[in-house]
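> sequence? don't have it. structure:
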């Protein structure tokens, strides 16, 4: 999830929490700056309450569980019905799955992560040019999107770029990663189109249905850098949350740390060479009337690092910020009535950010 917030509705924490957060923000050097300075203890703003931290004894009990892996080879031939069925099952039970043989060259995927590393490992003075919390700014570098609304900060830095209407515009991109970002987004457009068709068919509607309602026209590419942490048992890369968007396409390196909540247990999302992690957002659960799930997930901090990942969030374009979305009428019936009221992206995102990333879901607010 990555929705920027400048709001000051900070939840109570330790004394001077707001002051420490502001001082950290003003350095414009992020978590990487702390590591470069040689800290051996994490600042107070990064210490999460005990109930939010991972419990190794409980996590070990899910080592035998794995999110589904779906092979997309043959999707335009004899395997299409099988693939659609696998997506339907994974989206309805896990809300997360990995895809392989998706058509995006490995060179493009690895080129992106290489450029992400190069950006974040530049001198702070170079990166500061892009440091911002202005939601209207297309390209921005920051640390913890909800730094001034959440009680605790997250152990990661990010660079975010909006590609309105999925146009791979290089304007304003950092030189060190411009070419790789543009090439990657161009490939994400093709993959988005493929997934949109397959998921439409999995819902039992025509293959161009999701494309026709313009729910995934804009891409927000958010590339994360999780530095090694001297006290990983006290903090998190990002706390538990669901994504507010329609769909997320994630590429992660081999370090690991991503976990998904399944049947009230945290399950590791093991990195796979050449695979994308697909997770459904809140808006997808709303329009599918709970047929597909948006589930909570988190990223652990670790002593090994940096961990690199790139999340491509898909949501309506700015022209549709006030467009009404609700449960798809074609899948409703007397036996399957609408479970959610209609809303629009602006209303949903505003509500999502107002509550912060505190483990409280945004969807129940819109349930009938």
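Looks like it arrived, so ask away. Keep in mind the model is a prediction, meaning the values are calculated, not measured.
> which intervals of the stretch 151-300 of the chain have sub-threshold pLDDT?
Across the stretch 151-300 of the chain, nothing is flagged by pLDDT under 70.
> just the strands in it please.
Using DSSP state E, counting those that start in this stretch, the strands of the stretch 151-300 of the chain run over residues 157-163, 218-226, 236-241, 247-252, 258-262, 265-268, 276-280, 297-300.
> Of those strands, which is nearest residue 81?
Across these, residue 81 has its closest neighbour in strand 276-280 (19.1 Å, Cβ to Cβ). Glycine gets a C-beta too; all of them are placed from N, C-alpha and C.
> partner strands of the closest one, parallel or antiparallel?
Counting by DSSP bridges, the strands paired with strand 276-280 are strand 96-100 (antiparallel), strand 247-252 (antiparallel).
> And for residue 206, the neighbour number?
By other Cβ atoms under 10 Å, the residues close to residue 206 number 13.
> Over to residue 132?
For residue 132, using other Cβ under 10 Å, the count is 17.
> need the contact list for it.
When contacts are counted by Cβ atoms under 8 Å, 6 or more residues apart in numbering, residue 132 touches 140, 141, 142.
> switch the cut-off to 10 Å
4, 28, 138, 139, 140, 141, 142, 160 (Cβ atoms under 10 Å, 6 or more residues apart in numbering).
> Pull the most distant pair out of the residues you listed.
28 and 138, at 18.2 Å, using Cβ to Cβ across the contacts of residue 132.
> if we can go back for a sec, would you turn the strands of the stretch 151-300 of the chain into CSV with mean neighbour count?
Shown next, in CSV, are the strands of the stretch 151-300 of the chain (neighbours: other Cβ atoms under 10 Å):
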stretch, mean neighbour count
strand 157-163, 23
strand 218-226, 23
strand 236-241, 22
strand 247-252, 24
strand 258-262, 21
strand 265-268, 18
strand 276-280, 24
strand 297-300, 23
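> Tabulate those in a markdown table, adding columns for distance to residue 41.
Shown next, in a markdown table, are the strands of the stretch 151-300 of the chain (distance: least, Cβ to Cβ, whole Å):
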| stretch | distance to residue 41 |
| --- | --- |
| strand 157-163 | 19 |
| strand 218-226 | 18 |
| strand 236-241 | 16 |
| strand 247-252 | 28 |
| strand 258-262 | 25 |
| strand 265-268 | 26 |
| strand 276-280 | 32 |
| strand 297-300 | 18 |
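> Nearest to residue 73, out of those strands?
Nearest of those (Cβ to Cβ): strand 276-280, 14.2 Å.
> By neighbour count, which of the contacts of residue 132 wins?
That'd be residue 160 among the contacts of residue 132, by other Cβ under 10 Å, with 24 neighbours.
> how distant is the biggest helix by length in the chain from the center of its chain?
In the chain, taking DSSP state H as the definition, the longest helix is helix 178-203. Remark: helix 178-203 is offset 15 Å from the chain centroid, using Cα atoms, centre = their mean, to the nearest Å.
> what does stretch 280-291 give?
Centroid separation for stretch 280-291 versus its chain: 16 Å, with Cα atoms, centre = their mean.
> Pull out the buried positions in that stretch.
280, 281, 282, 283, 284, 285, 286, 287, 288, 289, 291 (16 or more other Cβ atoms under 10 Å).
> any chance of the residues you listed in JSON lines, with distance to residue 47 too?
Shown next, in JSON lines, are those (distance: Cβ to Cβ, whole Å):
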{"residue": "280", "distance to residue 47": "31"}
{"residue": "281", "distance to residue 47": "29"}
{"residue": "282", "distance to residue 47": "28"}
{"residue": "283", "distance to residue 47": "33"}
{"residue": "284", "distance to residue 47": "34"}
{"residue": "285", "distance to residue 47": "32"}
{"residue": "286", "distance to residue 47": "34"}
{"residue": "287", "distance to residue 47": "38"}
{"residue": "288", "distance to residue 47": "38"}
{"residue": "289", "distance to residue 47": "40"}
{"residue": "291", "distance to residue 47": "39"}
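> Okay, and which of these map to helices?
282, 283, 284, 285, 286, 287.
> Tabulate those residues in a markdown table, adding columns for distance to residue 114.
Below are these laid out as a markdown table (distance: Cβ to Cβ, whole Å):
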| residue | distance to residue 114 |
| --- | --- |
| 282 | 32 |
| 283 | 32 |
| 284 | 31 |
| 285 | 34 |
| 286 | 37 |
| 287 | 36 |
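> quick one: which of these is nearest to residue 340?
Nearest to residue 340 out of these is residue 286 (Cβ to Cβ; 4.8 Å).
> where does that closest one sit relative to residue 314, distance-wise?
Counting by Cβ to Cβ, to the nearest Å, the gap from residue 286 to residue 314 is 15 Å.
> Please apply the same query to residue 31.
Between residue 31 and residue 314 the computed distance is 27 Å (Cβ to Cβ).
> In terms of neighbours, single out the busier of these two.
Higher neighbour count among residue 31 and residue 314: residue 31, with 29 against 25, using other Cβ under 10 Å.
> What residues does the more buried one make contact with?
Per Cβ under 10 Å, 6+ apart, neighbours of residue 31: 24, 39, 42-43, 46, 120, 143-144, 153-158, 225-227, 229, 235, 237, 301, 306.
> go with 7 Å
Going by Cβ atoms under 7 Å, 6 or more residues apart in numbering, residue 31 touches 143, 155, 156, 157, 227.
> What is the nearest of those to residue 326?
For those, the nearest to residue 326 is residue 156 (34.2 Å; Cβ to Cβ).
> Grab the nearest non-local neighbour of that closest one.
In this structure, residue 156 finds its nearest non-sequential neighbour in residue 226, 4.5 Å apart by Cβ to Cβ, 6 or more residues apart in numbering.
> Test my guess that that neighbour contacts residue 158.
No. If you go by Cβ atoms under 7 Å, residue 226 and residue 158 don't touch, sitting 9.8 Å apart.
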